[in-house]
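Whatever this is, show me its structure:
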Amino acid sequence: MESEEIINHKCPGCGSPLRFDTSRRVLLCDACGAEFDPETVSEYDAETNGIDDGDESSWETYGGAPWSDGDVSVHVCPSCGAEIVTDMTTAVTKCPYCDNVTVIKGRLSGALRPDFLIPFRVSAEEAKARMSEYCRHKPLLPRRFIDDLRFGEAQGLYVPFWLFDCDADGRATYIGTKVRHWSDSKYNYTEEKRFRVYRRGGLSFSKIPADGSRKADDTLMESIEPFDYRELTEFGTGYLSGFLADRYDVGADESKTRADARVRHSVEAALTATVIGYSSVLPTSMSVKITDGKVVYAMLPVWLLHYDYRGKRLTYAINGQTGKVAGKLPVSVGRAAAWFAGIYGVTAAVLAALLFLL
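Presented below is the predicted three-dimensional model:
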């Protein structure tokens, strides 16, 4: 196993671990009460620990192959001396013995250093409150799930994302059908006309997100969008204190396929939305050309909550900036049957009353 150098953020005054406060957006020392600006701490660590800021990002910057899933490394906690084993994608971890958060230096430096991040705004307590609210007023939730709605520790994680910018030019043709009906004293008439419709248009896209971690469920990550990219901050390790983080193991080229699909879907939908005034519309050809593609590497804040229910591990994600919740809730078969039976009973009663009146 490979051994790597790690660092952690300690209070310059008393040496105790620092944590990032989501409400005040500063690094706090719980031992002596001191507070520090995250960027100042990041600059201090860059000088004292030799963290490389890296170059400006480009497609070529992220051309290296990600580490394989099977590799592991071992490093020593600088606080208590315990050995910690991680996989090769973990960039920030917690020591299981002293609970100190440490940064594995080589995985966030040089070309592996993110360009930006969005700091956490939602605290762990707020994340759990959002999850409880998410489960309320769901009539088909199992009663046991609601009664036992106790989640474990909320895990704050910076997930690696690729953010894509591009321009897109779309061209499409459709067959639009117009149908007209009328009658006279003898006949009913139907007139059908078909038109060939052509559309062309361009759109510009900014910061299309695609998560760069195989551990993160793509659908779950897309479900907690959007993020407010006005809060993108230049990356600094000071913001990582108190949270975990992974470096990417899905490269920009591989993630670009998902970004391309989202661009094409958006362009096709925008062009189709302009074809109006027809009884029906049938697309016959569609092409989208994507140009001027650019990408940056960022870390975005996500809270993860896990719940063990009837032998299954359910995972829920909460946007660490906006508090938006995503995840599949279980359904009570009994409640669903009763709910649909109730709807059927009401509908049948209404129909019976109408027939009686008629």
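
Now for the residue nearest to Met286 when sequence neighbours are not counted, how many residues are close by?
Leaving aside its sequence neighbours, Met286 sits nearest to Ala172 (Cβ to Cβ, 6 or more residues apart in numbering; 4.6 Å). Where you see a C-beta, it was placed from the backbone N, CA and C, and this is true even at glycine. Neighbours of Ala172 under the rule other Cβ atoms under 10 Å: 22.

same question, Ser183
8.

before we move on, back to that, the residue nearest to Met286 is in contact with Pro283, isn't it?
Yes - counting by Cβ atoms under 8 Å, Ala172 touches Pro283, with 6.2 Å between them.

Give the intersection of the neighbour lists for those two.
Residues within reach of Ala172 and of Pro283 at once, by Cβ atoms under 8 Å, 6 or more residues apart in numbering, are 268, 272.

now the strands for the stretch 151-300 of the chain?
Residue ranges of the strands in the stretch 151-300 of the chain, as given by DSSP state E, counting those that start in this stretch, are 155-183, 188-211, 233-234, 244-246, 280-309.

Run through the neighbouring helices and strands of the last one.
Based on contacts counted as 3 or more Cβ pairs under 8 Å, 6 or more residues apart in numbering; DSSP states H and E, the elements that strand 280-309 packs against are strand 116-117, helix 124-135, strand 155-183, helix 252-272, strand 312-319.

Give me whichever of these is most buried.
Compared across these, strand 116-117 shows the largest average neighbour count, a mean of 22 (mean count of other Cβ atoms under 10 Å).

Okay, now the sheet partners of it, with direction.
The strands beside strand 116-117 in its sheet (DSSP bridges) come out as strand 233-234 (antiparallel), strand 280-309 (parallel).

which of those sits most buried?
Mean neighbour count (mean count of other Cβ under 10 Å) peaks for strand 280-309 among the strands paired with strand 116-117, with a mean of 17.

what's the average pLDDT for that strand?
The pLDDT scores in strand 280-309 average 91.

relative to strand 312-319, how tilted is that strand?
For strand 280-309 against strand 312-319, the angle by axes from the mean of the first three to the mean of the last three Cα atoms, to 10 degrees is 120 degrees.

for the residue nearest to Met286, what are its contacts?
198-200, 268, 271-272, 283, 285-287.

so which of those comes closest to Glu231?
The shortest approach to Glu231 among these belongs to Glu268, at 30.6 Å (Cβ to Cβ).

wait, that closest one sits on Val288?
Yes - Glu268 lies in contact with Val288 (Cβ under 8 Å); the separation is 6.9 Å.

list residues touching both of those two?
Taking Cβ under 8 Å, 6+ apart as the criterion, Glu268 and Val288 both touch Gly170.

helices and strands of the chain: which one has the lowest mean pLDDT?
Sorting the helices and strands of the chain by mean pLDDT, DSSP states H and E puts strand 2-3 at the bottom, at a mean of 44.

quick check, nearest of the contacts of Ala172 to Tyr158?
Of the contacts of Ala172, the one sitting nearest to Tyr158 (Cβ to Cβ) turns out to be Glu268, at 33.1 Å.

got a list of what the closest residue to that closest one other than its chain neighbours touches?
Leaving aside its chain neighbours, Glu268 sits nearest to Met286 (5.6 Å; criterion: Cβ to Cβ, 6+ apart). Neighbouring residues of Met286 by Cβ under 8 Å, 6+ apart: 170-173, 268, 271.

got the CA coordinates for stretch 199-206 in CSV?
In CSV, the C-alpha atoms belonging to stretch 199-206 read as follows (Å, rounded to 0.1, in the frame of the first residue of the first chain):
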residue,chain,number,x,y,z
ARG,A,199,-36.2,25.6,-37.2
ARG,A,200,-32.7,26.7,-36.4
GLY,A,201,-31.4,28.4,-33.3
GLY,A,202,-28.5,28.8,-31.0
LEU,A,203,-28.1,28.6,-27.2
SER,A,204,-25.2,29.3,-24.8
PHE,A,205,-24.8,27.1,-21.8
SER,A,206,-22.9,28.0,-18.6
